[in-house]
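A.B. asks: predicted model and sequence follow; I will ask about them next.
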2 protein chains.
Amino acid sequence: MKTKESLLRLLNDNLNKLSFDKKPKELYDPMAYALTMGGKRIRPLLTLMSCEVFGGNISKALPSALALEVFHNFTLVHDDIMDIAPLRRGKETVYKKWNTNIGILAGDAMLAKAFEIITESDEEIIKPLTRLLSKVAIEVCEGQQLDMNFEHTEHITIPEYLEMIRLKTAVLVGSSLMAGAIVAGASKKDTQEIYLFGENLGMAFQMKDDILDVFGDEKKFGKKKGGDIITKKKTYLYLKAHELAKDKTLNSLIYYFANSTFDNETKVKVISDIYEKVGVKKHAEKQMDVFYNKSMSHLSKINVPESNKKNLVDIAEQLLVREF
Amino acid sequence: MKTKESLLRLLNDNLNKLSFDKKPKELYDPMAYALTMGGKRIRPLLTLMSCEVFGGNISKALPSALALEVFHNFTLVHDDIMDIAPLRRGKETVYKKWNTNIGILAGDAMLAKAFEIITESDEEIIKPLTRLLSKVAIEVCEGQQLDMNFEHTEHITIPEYLEMIRLKTAVLVGSSLMAGAIVAGASKKDTQEIYLFGENLGMAFQMKDDILDVFGDEKKFGKKKGGDIITKKKTYLYLKAHELAKDKTLNSLIYYFANSTFDNETKVKVISDIYEKVGVKKHAEKQMDVFYNKSMSHLSKINVPESNKKNLVDIAEQLLVREF
């Protein structure tokens, strides 16, 4: 079994081989930039690891892994336009560095490129892999649309929120693992179990992300603290705080969250303080653990020697303490 | 050989079967709207006709045909955002009817959907068809980027312009025909010839489109007259007029074309008058004929009975007189 580091090297070497030294450079430069902004390569790493879990040949999983990474970065390029996000991983976002039209178009070309890369897989798995990628692509769009809807929706329940993040984030984690299983020729049941391991891991990961947005270290996280508050994203933290807060605290939460007249810093400070006060962090962490435990339960059902699962157990732990 | 009308019925019936009655409706309604704005279904029609040229089973070409139509409409949805175009085929564009974010996202989902539909083809042709769709998708993005670059480029040559429209428009016409040939199992040479028939037909069609934008009937055309002039698109007409105009006429052309202080009506009137004066229409029509003759030459090289080509000869003629 290869180490995480050697798999990451393999991935980055092959991502660098994707040729973006083409014309028009106004299209290809942003694509190359988006792919080298310092992503953690979590999804393609999971594809390769999943392939190894089932004893597959990782070189045959490379097209899927690369395609999923290109796809993931496409979603970031377009999401940043929609969310008007100036920074990602501490760097200017594509639309901010160039312009919105270039962001739209570079993203489109990346989505098409992801499907092109998939066709470099072995002939007999191109169909299921293309179906997997198109399915997850559509689901991610559904999730993003729900996310945008929620900005203008007064009352969102926690289950509605969880379904949104499932579509927007978790299905891609699940699908990344599923791709590796397909390449390795895993059984239908095991393929489904590793998908569910990933989907639940993705849910746990998103809970962590929500928590870090408010309680994380700005430098380490590479994002402006409280970005979700500034952009009025009704995350788990907000929804849970809304549930827990009473009287004046609840009024303050609603008032400051919806109001745009305060400067961002004040707003983040006031809302964060309310989150602290009502103790929302421990609830979010508990919810994260629920998903983490579910994911581990699905992993345990996969019919391969436990030693094969070590990489996945390790990466799941690392993801949730956000070591990388 | 089926009539154009019966093929159109088949296409529209199957397009209507694509299920967009899903949630979130803010994603699926715009997708359905974009696909039912009254497109002429030229590209999928060419796919089915091409399949018939080579004696293929058109039901097996349906996934490609539908995918190409969905893909084409995706490009329109995103292009309309980038071109800030309020109307298409006489109706509000998607981003105008909803908003830009919804336009971006519905387009993304349509692009993914096109690849999903391709996978409904027979297993053994999914690879070449997916490669074809991803290749053309990337080329169309290149063409759109060149188009946007040209807005801010002082000097564009006519060959540069022709390369841009080849990528933005013609390759998709060629690829639509190529898809039908792939489904029918045509020879490599014939597949290439029908692609080139289509690419040149697409070029001729775009020349016609440029001409109609200025000299066409607004009601019949369903677009605001002079849209290319208003949006400062340096079309063949403009570039040729720039080449032909002298002294005061040239100065007027440059001055009025670049200036944004005049109202649109005045601008369109002045520029159209210059186009008339320097006789740019007949040059454009001559260039259109060059492409049309090239396309017919490639069609003639295809090794099937001439009677098989009748539908394509007819549609090529109809497209260029813009009967439908």
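C.D. replies: All right, it came through fine. Numbering: from 1, shown residues only, chains lettered A, B, ... in the order given.

A.B. asks: so how many other residues sit close to A:Ser59?
C.D. replies: A count of nearby residues for A:Ser59, using other Cβ atoms under 10 Å in any protein chain shown, gives 12. Glycine gets a C-beta too; all of them are placed from N, C-alpha and C.

A.B. asks: quick check: mean pLDDT across the helix or strand that it is a member of?
C.D. replies: Using DSSP states H and E, the element containing A:Ser59 is helix A:58-82. When pLDDT is averaged over helix A:58-82, the result is 98.

A.B. asks: the helix or strand just after that helix - what's its average pLDDT?
C.D. replies: Sequence-wise, the next helix or strand downstream of helix A:58-82 (DSSP H and E) is strand A:87-88. For strand A:87-88, mean pLDDT rounds to 89.

A.B. asks: adjacent strands (with direction) for strand A:87-88?
C.D. replies: strand A:91-92 (antiparallel) (DSSP bridges).

A.B. asks: name the helices or strands packed onto the helix holding A:Ser59?
C.D. replies: The contact analysis (3 or more Cβ pairs under 8 Å, 6 or more residues apart in numbering or on different chains; DSSP states H and E) places helix A:58-82 against helix A:4-17, helix A:25-35, helix A:42-53, helix A:94-97, helix A:100-118, helix A:126-151, helix A:171-184, helix B:100-118.

A.B. asks: and A:Thr130, what does it touch?
C.D. replies: Residues near A:Thr130 by Cβ atoms under 8 Å, 6 or more residues apart in numbering or on different chains: A:Phe115, A:Ile118, A:Thr119, B:Phe115, B:Glu116, B:Ile118, B:Thr119, B:Ile126, B:Thr130.

A.B. asks: thinking again about what came up before, between the helix holding A:Ser59 and helix A:4-17, what angle do the directions make?
C.D. replies: Counting by axes from the mean of the first three to the mean of the last three Cα atoms, to 10 degrees, helix A:58-82 lies at 70 degrees to helix A:4-17.

A.B. asks: got the angle for helix A:58-82 vs helix B:100-118?
C.D. replies: Using the same axes, to 10 degrees: helix A:58-82 against helix B:100-118 is 150 degrees.

A.B. asks: point to the residue nearest the middle of chain A.
C.D. replies: By Cα atoms, centre = their mean, chain A has its centre lying nearest to A:Thr169, at 4.5 Å.

A.B. asks: now A:Leu196: how far from chain B?
C.D. replies: Separation of A:Leu196 from chain B (Cβ to the nearest Cβ, to the nearest Å): 22 Å.

A.B. asks: again with A:Lys22
C.D. replies: Taking Cβ to the nearest Cβ, one finds A:Lys22 at 8 Å from chain B.

A.B. asks: host element of that residue?
C.D. replies: Going by DSSP H and E, A:Lys22 is not in any helix or strand.

A.B. asks: what sits against the residue lying closest to it once chain neighbours are set aside?
C.D. replies: Leaving out its chain neighbours, the residue that sits closest to A:Lys22 by Cβ to Cβ, 6 or more residues apart in numbering or on different chains is A:Tyr28, at 4.8 Å. Taking Cβ under 8 Å, 6+ apart, we find A:Tyr28 in contact with A:Phe20, A:Asp21, A:Lys22.

A.B. asks: just the buried members of those?
C.D. replies: Buried residues within those, counting neighbours by 16 or more other Cβ atoms under 10 Å in any protein chain shown: A:Phe20.

A.B. asks: spit out the contact partners of the residue nearest to the centre of chain A.
C.D. replies: A:Gly143, A:Gly202, A:Met203, A:Phe205, A:Gln206.

A.B. asks: look up how far A:Met110 lies from it.
C.D. replies: A:Thr169 sits 18 Å away from A:Met110, going by Cβ to Cβ, to the nearest Å.

A.B. asks: before we move on, what about A:Gly185?
C.D. replies: 29 Å.

A.B. asks: more neighbours: the two, which one.
C.D. replies: A:Met110 (25 against 14).

A.B. asks: and that one, how far from chain B?
C.D. replies: From A:Met110 to chain B the distance is 9 Å (Cβ to the nearest Cβ).

A.B. asks: same check, this time on A:Asn200
C.D. replies: Taking Cβ to the nearest Cβ, one finds A:Asn200 at 23 Å from chain B.

A.B. asks: returning to what we had before: among the contacts of A:Thr169, which two are most distant?
C.D. replies: Distance extremes for those: the farthest pair is A:Gly143 and A:Phe205 at 14.1 Å, using Cβ to Cβ.

A.B. asks: now the angle between helix A:126-151 and the top helix by length along chain A, please.
C.D. replies: Longest helix of chain A, by residue count under DSSP state H: helix A:188-215. Angle, helix A:188-215 to helix A:126-151, by the same axes, to 10 degrees: 30 degrees.

A.B. asks: also compute the angle for helix A:188-215 relative to helix A:42-53, please.
C.D. replies: 150 degrees.

A.B. asks: give the buried residues for helix A:188-215.
C.D. replies: Neighbour counts over helix A:188-215 (16+ other Cβ under 10 Å) mark A:190-215 as buried.

A.B. asks: go on, stretch A:119-129?
C.D. replies: Neighbour-count burial for stretch A:119-129, with 16+ other Cβ under 10 Å as criterion, is recorded at A:Thr119, A:Ser121, A:Ile125, A:Ile126, A:Lys127, A:Pro128, A:Leu129.

A.B. asks: with adjacent residues omitted, what lies nearest to the residue in the stretch 201-324 of chain A that chain B sits nearest to?
C.D. replies: In the stretch 201-324 of chain A, no residue comes nearer to chain B than A:Thr231, which is 12.7 Å away by Cβ to the nearest Cβ. Spatially, and ignoring its direct neighbours in sequence, A:Thr231 is nearest to A:Asp83 (6.0 Å; Cβ to Cβ, 6+ apart).

A.B. asks: for the one you found, phi and psi?
C.D. replies: phi -90, psi 0 (degrees, to the nearest 10).

A.B. asks: what is the burial count for it?
C.D. replies: Residues lying near A:Asp83 (other Cβ under 10 Å) number 20.

A.B. asks: same question, A:Val140
C.D. replies: Using other Cβ under 10 Å, A:Val140 is surrounded by 26 other residues.

A.B. asks: still on that earlier bit, got the angle between the longest helix of chain A and helix A:171-184?
C.D. replies: 150 degrees.

A.B. asks: which strands and helices lie in contact with helix A:188-215?
C.D. replies: Helix A:188-215 packs on helix A:42-53, helix A:158-165, helix A:171-184, helix A:227-230, helix A:236-244, helix A:264-278, helix A:280-300, helix A:310-321, going by 3+ Cβ pairs under 8 Å, 6+ apart.

A.B. asks: great, nothing more from me.
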